[in-house]
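S.K.: Could you look at this predicted model? Sequence included:
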Amino acid sequence: QVLILSLLLYPMLRSLALQLHSAVTGSYISGTHSIAFINCLNEQIAKDIARAIMDKKLAACVSILPKSSALYFWKGQLEEATEILLLVKTRTSKIGELSDYVRSIHPFEIPEIISLPIDQGNPLYLQWIEENVPRD
């Protein structure tokens, strides 16, 4: 039973140890924050989704990138479309909630919502993300 309990608590204990190390040393823990990519059909939808994400405090910043061309397979056919891309800067711990929320409001049947952890960056910017996205 001790082994099972240890295995169940390991992720939480590791997370607490890393947070304590970061607080003591002032160093950034790789992967604490992420950038999520979300595709949108047009600029109005992109702005509406970006504002909704910010209103829910699921990100510190959402950048709206201008039109790009996309080629993709949909239902066995090669499609071509113009898309707007959102870059969402947030805590990695918020990615699940962000994804669930965006899927609930996005007009696409299967919206692109993918994320990459931030390995390193400007410490002041990463701290700013930390300060502007509430903890779980």
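M.R.: Nice, thanks for sending it over.
S.K.: Residue 88 and residue 74, how far apart?
M.R.: For residue 88, the distance to residue 74 equals 24 Å [Cβ to Cβ, to the nearest Å]. Placement of C-beta: from N, CA and C, glycine included.
S.K.: Mind checking which of those two has more residues around it?
M.R.: Using other Cβ atoms under 10 Å, the more surrounded residue of residue 88 and residue 74 is residue 88, with 25 against 10.
S.K.: and the more buried one, what are its bridge partners?
M.R.: Beta-bridge pairing of residue 88 under DSSP bridges involves residue 36, residue 62.
S.K.: Surely it is in contact with residue 33?
M.R.: No - counting by Cβ atoms under 8 Å, residue 88 stays clear of residue 33, with 10.7 Å between them.
S.K.: what are the ranges of the helices in this protein?
M.R.: Using DSSP state H, the helices of the chain run over 2-25, 43-55, 95-105, 123-132.
S.K.: who touches the shortest one?
M.R.: Residues lying outside helix 123-132 but in contact with it, judged by Cβ atoms under 8 Å, 6 or more residues apart in numbering, are 28, 32, 33, 57, 60, 61, 89, 90, 91, 118.
S.K.: Let me know how buried the fourth one is, in neighbour terms.
M.R.: Around residue 57 there are 12 other residues, counting by other Cβ under 10 Å.
S.K.: roughly how far apart are it and residue 129?
M.R.: With the distance defined as Cβ to Cβ, residue 57 ends up 12 Å from residue 129.
S.K.: do the last one as well
M.R.: Distance of residue 118 to residue 129, computed by Cβ to Cβ: 8 Å.
S.K.: Now for those two: what residues contact both?
M.R.: residue 33.
S.K.: check contacts around the residue sitting nearest the centre point of the chain.
M.R.: The centroid of the chain falls nearest to residue 36 when counting by Cα atoms, centre = their mean (3.8 Å). Neighbouring residues of residue 36 by Cβ under 8 Å, 6+ apart: 59, 86, 87, 88, 90, 95, 98, 99, 113, 114, 115.
S.K.: before we move on, what about residue 68?
M.R.: Per Cβ under 8 Å, 6+ apart, neighbours of residue 68: 82, 83, 84, 85.
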